[in-house]
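Novice: All I have is the shape, not the residue letters:
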Ligand code: NAD
């Protein structure tokens, strides 16, 4: 039987409608309009598209977007000065620094300079610590979207075997932590995992966050599993694919996310939600 498709586009649209209503209620009640500043350094075309899409999404939901596009030659000091300015700007409730930054800039120092109260990406060490403790303030957007998608299937995460493939700080580790807090039994696989297919075959929930096209094949997936594909890969012919062999795996999985139209739109919706929550907290 073919899997149910988890439609990230539709889920994100409905979330964005709810956010738009909540934003207009907040503006009416308090006069505060949630503001999101996006900082882009350099001319990476994919990053430019991400930032533009985030800006459009902000405008549609009634948030106040600020875009800061800086040349690739920007110094670390100049970037830090901009971050300090944004930290102090009361109209801004969320700051996102689009990654990757040019190699001469120390990304870690920049992410740590963002006020932990405006860290809508949840990358600041203080927010990472809060997440690990199970008391998060900002949950990173992509992992938050992944959990929302699993919840949309009606599956009770508690007690399930979850396998996360990939251990990055922005996806793999935080998504594993969120699944753990929801009482799943979690295994994190990575490039040095031995016999990865047999580990993945145990999983009721598979999260693929690797960045390798068509890595997860049908023989690795338990029948009926929920498969969430975070990967975004461009094939030589220009086609966009995930980390999962969608056509093959959908014949075994119970639920599966497509690429495009899966996790990607959810990430943007969660960014808006984090900015809204931040504005509400600051307004208190
Ligand atoms: P990353 O490169 O930081 O991490 C990749 C992880 O995959 C590493 O932990 C590595 O150990 C693991 N890995 C690499 N080769 C492996 C192998 N052969 N076997 C097992 N594990 C292996 O990547 P990331 O930032 O976590 O992103 C992962 C993918 O998700 C990328 O395609 C990225 O574009 C995509 N992504 C999508 C969104 C979204 O909104 N949809 C957001 C962030 C990242």
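Specialist: Received the coordinates, thanks. Quick caveat, the model's predicted, so the values are computed rather than measured. Numbering: from 1, shown residues only.
Novice: tell me which element the residue most central in space within the chain falls in.
Specialist: By CA atoms, centre = their mean, the chain has its centre lying nearest to residue 142, at 1.5 Å. Assigned by DSSP states H and E, residue 142 falls within helix 141-151.
Novice: same deal with residue 47?
Specialist: helix 45-61.
Novice: and the next element down the chain from that helix?
Specialist: Counting by DSSP H and E, what follows helix 45-61 is strand 64-70.
Novice: what packs against that following strand?
Specialist: Judged by 3 or more CB pairs under 8 Å, 6 or more residues apart in numbering; DSSP states H and E, strand 64-70 is in contact with strand 35-41, helix 45-61, helix 76-88. C-beta here means a position set from N, CA and C on the backbone, and glycine is covered the same way.
Novice: Please identify the buried residues of the helix holding residue 142?
Specialist: 141-150 (16 or more other CB atoms under 10 Å).
Novice: ditto for stretch 45-59
Specialist: Quick answer for stretch 45-59 (16+ other CB under 10 Å): 47, 50-51, 54-55, 57-58.
Novice: what's the closest of those to the ligand?
Specialist: The ligand has its nearest neighbour among the buried residues of stretch 45-59 in residue 50, at 8.5 Å by CB to the nearest ligand atom.
Novice: on that earlier part again, can I get the buried residues of stretch 45-59 in CSV including distance to residue 114 and pLDDT?
Specialist: Below are these laid out as CSV (distance: CB to CB, whole Å; pLDDT from 0 to 100):
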residue, distance to residue 114, pLDDT
47, 17, 93
50, 17, 92
51, 16, 94
54, 16, 95
55, 18, 96
57, 20, 97
58, 18, 97
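Novice: Please identify which of these is nearest to residue 165.
Specialist: The nearest member of the buried residues of stretch 45-59 to residue 165, counting by CB to CB, is residue 50 at 22.7 Å.
Novice: show me the contacts for that closest one.
Specialist: residue 98 (CB atoms under 8 Å, 6 or more residues apart in numbering).
Novice: and the chain, which residues reach the ligand?
Specialist: Residues of the chain lying close to the ligand by CB under 6 Å from any ligand atom are 142, 165-168, 170-172, 189-191, 193, 196, 209-212, 230-233, 263-264, 267.
Novice: which of these are buried?
Specialist: By neighbour count, with 16+ other CB under 10 Å, the residues of the chain next to the ligand hold 142, 165-167, 170-172, 189, 193, 196, 209-210, 230-233, 263-264, 267 as buried.
Novice: Among the residues you listed, which are located in helices?
Specialist: With helices taken from DSSP state H, the overlap with those comprises 142, 172, 196, 263-264, 267.
Novice: Adding distance to residue 273, write the helices and strands packed on strand 64-70 out as TSV.
Specialist: Listed next are the helices and strands packed on strand 64-70 as TSV, based on distance: least, CB to CB, whole Å:
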stretch	distance to residue 273
strand 35-41	11
helix 45-61	9
helix 76-88	20
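Novice: Which among the ones you listed is found nearest to residue 283?
Specialist: strand 35-41 (11.8 Å).
Novice: Starting from the closest one, tell me which strands it pairs with and how they run.
Specialist: The pairing partners recorded for strand 35-41 under DSSP bridges are strand 64-70 (parallel), strand 94-97 (parallel).
Novice: Please identify the deepest-packed of those strands.
Specialist: Most buried of those, by mean neighbour count (mean count of other CB atoms under 10 Å): strand 94-97, with a mean of 26.
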